[in-house]
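Chemist: The following comprises the amino acid sequence and a computationally predicted model.
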Amino acid sequence: MNARKLAFEVLRRVEEGGAYASRALDAALSSAGARDPREAGLATELVYGTLRRALALDAALAPHSKRPIAELDAPARIALRLGAFQLLVLGTPAHAAVGETVALAKAVDHGRAAGYVNAVLRALARAPRFPDPPPLATDPAGHVAAAEALPRWIAEEWVAWLGPDEALALARAMNGPAPLCLRAVERDALVDRLRAAGIAAAPAARAPGGVSVTGASVAEIARAAGGLAFQVQDEAAQLVTLLAAGELRGKKARVLDACAAPGGKAFHLAELLAPGSEVVAVELHPRKADALAREAGRRGLPAVRVICADAAKAIPGLEPGSFDAVLVDAPCAGLGTLRRHPELKLRRAPEDLPRMAVLQREIAASVARYARAGAPVTYSVCSLSRAEGPEIVRGLISDGWRRAAPPGGFPADVLTADGDLLTLPSRHGADGFFAARLVR
Ligand SMILES: C[S@@+](CC[C@H](N)C(=O)[O-])C[C@H]1O[C@@H](n2cnc3c(N)ncnc32)[C@H](O)[C@@H]1O
């Protein structure tokens, strides 16, 4: 396996085919078969690093390119970014970074782009540097954007919401590796088994079912778990479910999960409730709804009942006022997950936020009718923007909802002054989530 070639092909699938980087990389690594772990590690670093740093790499390449990097054909742009990442971040010697990248470009488009890639990379190799960011004090968003290769509109949003220092720390954390966290009903037994197999595992800091693992793949964990059930799920996602379930933990209850696939929170809810409970998992897309139902069956969770429906409208078969809790884990821009999905930096646009907010507001307002009087409705997103978080809550409050107290013992360090959940990779290590628990 050639790590650079594999990374180049994965990056093309991401940019030209709209694939998720994590899925395209996993698929490419497994179809490359028996592999050298060092080459797999390099391929992973090249894919994630190039996507995370793409905007800064483009800025470094720009003075050496007659045409704007964004306007080049995708294979040339990807080759240039890959080469620049090796020169500027990995410190790869120029002959290898340039020569091997040009060889990749030669293999596509009858080698038309190779000469251009060669000339631009050679020029960069003579003066290998990123442009200096403007000072944080005078241009905070410009600094955050340039220093951490973040689109300026996201930097502006985070600076306005969280302040320049937190925005900078957050943008930096989004360029780091994402932790691996699991959820298990038999958490302590799982930690013991993983440790016995030589895997570094520890109880997560806040979620009672959470296990933090370092240095092992999911396949290695599954082998070491020896049949103990677990699910890969970030700690912040676990906290959202705990907020939604609240005092219902261990009790028989009916809970509605209005945006449910792939099912992490629905399965967690089913595990938290007493036997005889029901978790109605609603999902818009038929293929995702089918996969969710199959996975619930595979996990032996009969409490999960899947309905394929649009949660922004009346849901067939459901009685208003009939649920003890409602969770709205709404579709969102995903800005809290840039560590795991760095391609979102390039794929998202400012107009996504108001567009998502309209949908989020519609879904939340529509499904709230299914909560019985006094039952909590928890609204959550794995995104970090005011439009998708606090402003949605403000709208619901103006419609007559009020904030409910978080469940007893809920970790205080993930709660804002208003009592909403806000997790930041920079502060909590977990993914970026916003959630609010409301009642009427
Ligand atoms: C953030 S994801 C949910 C993640 C899920 N709760 C979990 O923990 O695994 C949002 C889901 O809502 C679905 N969705 C989008 N629009 C919807 C709608 N109008 N009604 C129901 N589901 C919708 C998406 O297909 C996606 O699967």
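Modeler: Cool, got the structure.

Chemist: gap between the helix or strand hosting Leu242 and the chain center?
Modeler: Leu242 belongs to helix 235-245 when assigned by DSSP states H and E. Distance of helix 235-245 from the chain centroid (Cα atoms, centre = their mean, to the nearest Å) equals 15 Å.

Chemist: Could you measure from the residue positioned nearest the centre of the chain over to Glu16?
Modeler: With distances taken as Cα atoms, centre = their mean, the residue of the chain nearest its centroid is Thr337 (2.6 Å). Using Cβ to Cβ, to the nearest Å, we find Thr337 at a distance of 22 Å from Glu16. (Glycine included, C-beta is placed from N, CA and C.)

Chemist: same deal with Arg129?
Modeler: Counting by Cβ to Cβ - Arg129 and Glu16 are separated by 29 Å.

Chemist: do Ser31 as well
Modeler: From Ser31 to Glu16 the distance is 18 Å (Cβ to Cβ).

Chemist: what about Ala107, how many residues close to it?
Modeler: By other Cβ atoms under 10 Å, the residues close to Ala107 number 14.

Chemist: same deal with Lys313?
Modeler: 11.

Chemist: for the nearest residue to Gly215 once chain neighbours are set aside, what are its contacts?
Modeler: Residue nearest to Gly215 in three dimensions, not counting chain neighbours: Ala200, with 5.6 Å by Cβ to Cβ, 6 or more residues apart in numbering. For Ala200, the contact set (Cβ atoms under 8 Å, 6 or more residues apart in numbering) comprises 213-216.

Chemist: Filter the residues you listed down to the ones in strands?
Modeler: With DSSP state E as the criterion, strands contain 213-214 from among the contacts of Ala200.

Chemist: So for the residue in the stretch 101-250 of the chain positioned nearest to the ligand, what's the nearest residue that isn't a sequence neighbour?
Modeler: Nearest residue of the stretch 101-250 of the chain to the ligand (Cβ to the nearest ligand atom) works out as Ala237 at 5.8 Å. With Cβ to Cβ, 6+ apart as the criterion, Ala237 has its nearest non-adjacent residue at 5.7 Å, and that residue is Gly264.

Chemist: from what I can see that neighbour touches Phe230, true?
Modeler: No: checked against Cβ atoms under 8 Å, the pair Gly264 and Phe230 is beyond contact range at 11.7 Å.

Chemist: Now list whatever residues contact both of these two.
Modeler: Joint contacts of Gly264 and Phe230 (Cβ under 8 Å, 6+ apart) are Arg183.

Chemist: Report the buried residues of stretch 385-401.
Modeler: Buried residues in stretch 385-401, counting neighbours by 16 or more other Cβ atoms under 10 Å, are found at 385-393, 396, 401.

Chemist: what residues does that stretch touch?
Modeler: Contacts of stretch 385-401 (Cβ under 8 Å, 6+ apart): 157, 160-161, 330, 332-333, 335, 353-354, 356-357, 360-361, 364-365, 368, 377, 379, 381, 383, 403, 418, 420, 422, 434, 436, 438-440.

Chemist: swap in stretch 135-151?
Modeler: With Cβ under 8 Å, 6+ apart, stretch 135-151 has contacts from 52-57, 59, 131-134, 152, 154-156, 158-159, 164, 167-168, 171-172, 174-175, 345, 348.

Chemist: Next SSE downstream of the helix or strand hosting Arg81?
Modeler: Element membership for Arg81, per DSSP H and E: helix 74-85. Proceeding N to C from helix 74-85, the next assigned helix or strand is helix 94-106, under DSSP H and E.
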